[in-house]
Each structure stands twice: as structure tokens, then as C-alpha cells.
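In: sequence and predicted structure are below.
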Amino acid sequence: MIAIRNSAFGKTGTGKSVSCWTLTNDSGMSAEILTYGGILRALTVPAADGPRDVVLGFDDMAGYEGQDAYIGAVVGRVANRIGGARFMLDGREYRPSANRAPNCLHGGFHGFNEKIWAAGTQDDALVLSLTSPDGEEGFPGTLRVKVIYTLGEDNSLTIEYLAECDAPTVVNLTNHSYFNLKGAGSGTAEDHMVRILADQFNETDGAGIPTGRLLDVEGTPFDLREGKRLEEGLASDHPQLVGGGGYDRNFILKSGFDGVLKRAAAVECAGLRMECFTTQPGLQLYTANYLDTMSGKGGRTYERRCALCLETQNWPDAVNHPDFPNAILRPGQTYLQTTVYRFTES
């Protein structure tokens, strides 16, 4: 049985109230989700030495509003980068916010990670809802979004993304949680064993924008198909690693959207194993290369490479690459993507 409770978390700097919803299963796994940014604030999983919170977060709103690393948040309207902060849609040019000039990153200056979401329950799940108006951050069409969080008795967290629009637009939603299986704030994540079931990844330029080329992982530090400790790859001087300061690339899971839930990755460390399943065609592995030193939950210190992100997504800048998976949503269509993180003792 899944228990769900709601409590006050605090207020934003502009005085908006933020709630924290907690889902708990019979095994003692729990997930805390904020209405601010749809943030996964805590994810506590059973381990041999006791419950372990494996995601980075903060104890108050000041912590979340004082960082720009998207920690734990739902990212949109378009996750990752749009090159040159521009795209063509039905013969018209649109220019979303160039918040990482000259590019648009994770939805613009004030993306979904900063919004207050409406919250409610449906069966044993938490449902967050948001309406993004036409023109927000330069994106066309009104977009109605739902993100559904479900906790399983198998110690899994499922995140389901749904969106509909009233005019053609672009959509790419993900969650930007930072994981450390030893526990949030327990030092480096470079000792994590990571396996990603992908034969190729997107080559990018110096600004992280795909060139259009797909590179084979064979013979590179991006070959994680059999599993590798992150520190082994991070020691490489491969240009695609050096250019991102570490791992920060999209792995190719499939060539398009087919709705099939596929095992994409597995991470192991300190007696815990996390498996990632997704319907998305891409998975961005990011090793917190740009994370500033900061104080997190319980006064724990977070610093560079103290966590890793597995951002399930469409391929970056897909709207500007006709041969990439479709990034366009039209009226009458429903954007529907699912990602599952499942935990076991290893």
C-alpha cells in the first residue's frame, strides 16, 4: 500500500506557498516531491545499513532559489539545448530565450523548474499539473502538462509525462535529479559503476550543440555497455569528454518514439543498484561537472562530481535536425513519455 501525505515546505522569495508531497511504500522507500519545480527533493531507499537518501536537495526554499543547477526539477518546455536559441516551425522562425547565450537551455530563463505546480492525487499517485501560456519564454502555443509520480512496491519510482497543446509547439520533458547511491552529500560519484545500453552518442560542438553526427561508443570512454567506473572514463582526454568537463552527452537509445519501455542504464555503488527504464530515445549522462560547492540537506556539502544525472529525453536540439526524433507536438496529439528508476541491493 502506498501512503501519501502533504505538508507545507515554505514560501518562495515572492511569497508563493510551496508544498511537499511524500509517497511511502510498505518497504520503507519514500519520495518527497515539491510543488515548486516538480522537484524530487528526497528519494530514500532501503539499504543493508539502513534507509539511504540518494538524491541531492535542500532543506528550504532559499537553497533551491539560490542555485541554477536544476537540482531535482522537472525541466521544460524543452530540456537540454536549442542551438542558437532559434528554430523553424511550419515556415515560421521562433526565438526562445537565450538563457545560455547564444543557446536556449532547459526551457529558458524561467522554465518549468521554477514554476508552482498544482497538485492532487490519483489512486496511489501524485499528479502535478501546469499550464504554460502561448509565448512563454518564446515558445508557441499553450501547453498543458501533467507529471505523474508513482511509487512501486518493488522500490521503483515511475515518472510519467503528458502534454497537450492548442497550437504546434516543441516539447522535451525530463527530470534533473542528481544521484549518489552512497547517499546525498557522501563524497564523489566517480566510484559509481555505470552501464548504459547504447552503441552511439551525439557528437557536440564546444557549446554542447549536436553537430548532427552520431559517434560509435566502441573504443571510447563512452562505451559503457558492459559497465565502467566513472573515474576510468573521466581520466580520458577524449575531446568529447574534455569539451564537457566530464560526461555530459546524450546516448542514443533508439531512433524515434515508439512508446516501448526499455532498460537504458544501471548504476551500482555501496551495495545499491539503480536501474533506469524509459520510453525516451535518449539518455543524457551528466557527472555534475559544473556543480558549484554548496550546502545541501542536513548541512552536507555538495561539490563538483558528487553526483550523476540520468536525464531521459529526446536528442538535444532535435527541432533543428530533421533526421533526429520528432520534437514537434500538434493539437490533437498527446506527448506521453515514461521513465522508471528501480532500486535493489547489489
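Out: In hand now; what should we look at?

In: buried set for stretch 107-124?
Out: If you call a residue buried by 16 or more other Cβ atoms under 10 Å, then stretch 107-124 has these buried ones: 107-108, 111-117, 119. From N, CA and C alone the C-beta is placed, and that goes for glycine too.

In: nope, stretch 324-334 is what I meant
Out: Buried residues in stretch 324-334 (16+ other Cβ under 10 Å): 324-325, 327, 329.

In: which residues touch it?
Out: 78, 89, 143, 162-172, 210, 255-257, 281-282, 314-315, 317-319, 335 (Cβ atoms under 8 Å, 6 or more residues apart in numbering).

In: from these, keep the buried residues only.
Out: For the contacts of stretch 324-334, buried by 16+ other Cβ under 10 Å: 78, 89, 143, 162-165, 169-172, 210, 257, 281-282, 314-315, 317-319, 335.

In: okay, and which of the residues you listed map to helices?
Out: Using DSSP state H, no member of the buried ones among the contacts of stretch 324-334 sits in helices.

In: in strands only, show me the residues you listed.
Out: 89, 143, 162-165, 169-170, 210, 282, 335 (DSSP state E).

In: would you turn those into CSV with pLDDT and distance to residue 4?
Out: Output for these, formatted as CSV (pLDDT from 0 to 100; distance: Cβ to Cβ, whole Å):
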residue, pLDDT, distance to residue 4
89, 98, 39
143, 98, 26
162, 98, 19
163, 98, 24
164, 98, 25
165, 98, 29
169, 98, 32
170, 98, 33
210, 98, 40
282, 98, 31
335, 98, 25
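
In: that older thread, now for the buried residues of stretch 107-124: which two are most distant?
Out: 108 and 119 (23.2 Å; Cβ to Cβ).

In: so what pLDDT did residue 55 get?
Out: Looking at residue 55, its pLDDT is 98.

In: no, scratch that, I was asking about residue 276
Out: 98.

In: show me what it is bridged to.
Out: Taking DSSP bridges as the rule, residue 276 bridges to residue 265, residue 341.

In: ok, now residue 285?
Out: In beta-bridge terms (that is, DSSP bridges), residue 285 pairs with residue 249, residue 310.

In: for it, give me its contacts.
Out: So residue 285 contacts 194, 196, 224, 247-249, 251, 265, 308-310 (Cβ under 8 Å, 6+ apart).

In: mind doing that once more with 10 Å?
Out: Residue 285 makes contact with 194, 196, 198, 201, 222, 224, 230, 233, 244, 246-251, 265, 267, 308-311 under the criterion Cβ atoms under 10 Å, 6 or more residues apart in numbering.

In: and the gap between it and residue 110?
Out: Distance check for residue 285 against residue 110: by Cβ to Cβ, to the nearest Å, it reads 26 Å.

In: now swap in residue 37 and tell me
Out: 11 Å.

In: now do residue 328
Out: Residue 328 is 23 Å from residue 110, by Cβ to Cβ.

In: swap in residue 249?
Out: Distance from residue 249 to residue 110, by Cβ to Cβ: 26 Å.

In: check residue 16 too.
Out: Residue 16 is 13 Å from residue 110, by Cβ to Cβ.

In: check contacts around the residue nearest to residue 164 when sequence neighbours are not counted.
Out: Counting by Cβ to Cβ, 6 or more residues apart in numbering, residue 164 lies nearest to residue 144, which is 5.1 Å off, once chain neighbours are set aside. Going by Cβ under 10 Å, 6+ apart, residue 144 touches 129-132, 162-166.
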